[in-house]
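Student: fold the following and give me the result.
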Amino acid sequence: MQVRSSSLAAVTRAQGLPGQCGARLTMHCRHHIPAARWLCRAALDSDIPIAQLETELQGALTQEDYKLAARLRDKIQQKQQVSKLAVEDANRRFYDAFMSGRIEEMERVVGEGEHVQVVHPGASCIAGRAQVMDSWRAILRNVRPGAFKVKLEDVRVFAREDMGFVTCVEIIDADDSEGRIVATNVFEKQGGAWRIVQHHGSPTIARFR
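Tutor: Below you'll find the model as predicted:
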């Protein structure tokens, strides 16, 4: 994984490291740099996964390097926030596609793969993109554009780099009828775009007393 050349050059010059360290900052370099002056690879590379950042964070805490730990914690929170906003936008595009009533719009937001699934209210699980799209086609076939209006309540989002989910309550207004659906939407980053790979909708029930 490449690091910024300017930062790497500074480390190399300061420590007088051998040439092989000049191309990539690896565990080999860690043996050449005193622990107190070790620059964590995660602090130099913006593309490192959150899981590895969390591992580096635990290592920094174990070494009582609290300054580095704070930097890593900030980077983790920043990456999570970026993914969270992207998943929120993907969730909005899914409901926009649904409300449009156009199967072409739904085609654009549904992911690829046999792991794509949907559970429509009161129905069983449908798996595989082709079958999922057939189900949406059947739902939207006789629906005029704009017939469905959906408002969301109690929206909660969780996201990592390439996977995230949203739980929410759908308030649906379909001209002469209204309903509340509890929904879970799972999104996956495919080809650089966030697409829905699972939608599960269930009618709400009365709370237990």
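
Student: domains of the protein?
Tutor: With domains defined by automatic domain parsing, the chain comprises 5-79, 87-203.

Student: now do the last one: distance to the chain's middle.
Tutor: On the basis of CA atoms, centre = their mean, to the nearest Å, the separation between the geometric centre of domain 87-203 and that of its chain is 16 Å.

Student: quick one: end-to-end length of that domain, please.
Tutor: Terminal residues of domain 87-203 lie 23 Å apart, using CA to CA, to the nearest Å.

Student: what segments of this structure are helices?
Tutor: For the chain, the helices defined by DSSP state H cover 5-15, 27-30, 41-44, 50-62, 66-100, 103-109, 129-140.

Student: Throw those helices into a markdown table and include mean neighbour count, distance to Phe158 and mean pLDDT, thanks.
Tutor: All C-beta spots, glycine's among them, are computed from the backbone N, C-alpha and C. As requested, the helices of the chain are exported to a markdown table (neighbours: other CB atoms under 10 Å; distance: least, CB to CB, whole Å; pLDDT from 0 to 100):
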| stretch | mean neighbour count | distance to Phe158 | mean pLDDT |
| --- | --- | --- | --- |
| helix 5-15 | 14 | 32 | 40 |
| helix 27-30 | 14 | 32 | 42 |
| helix 41-44 | 19 | 22 | 48 |
| helix 50-62 | 16 | 12 | 90 |
| helix 66-100 | 17 | 8 | 93 |
| helix 103-109 | 15 | 19 | 96 |
| helix 129-140 | 16 | 22 | 96 |
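
Student: looking at these, which is closest to Val169?
Tutor: helix 66-100 (12.4 Å; CB to CB).

Student: distance between the closest one and the chain's centre?
Tutor: With CA atoms, centre = their mean, you get 6 Å for helix 66-100.

Student: what's it packed up against?
Tutor: helix 41-44, helix 50-62, helix 103-109, strand 149-159, strand 163-174, strand 177-190, strand 193-203 (3 or more CB pairs under 8 Å, 6 or more residues apart in numbering; DSSP states H and E).

Student: which non-adjacent residue is nearest Gln190?
Tutor: Gly111 (5.4 Å; CB to CB, 6 or more residues apart in numbering).

Student: give me the pLDDT for that neighbour.
Tutor: On the pLDDT scale, Gly111 is placed at 98.

Student: contacting residues for it?
Tutor: 129, 187-188, 190, 195-197 (CB atoms under 8 Å, 6 or more residues apart in numbering).

Student: out of the residues you listed, what pair is the most spread apart?
Tutor: Arg129 and Phe187 (14.4 Å).
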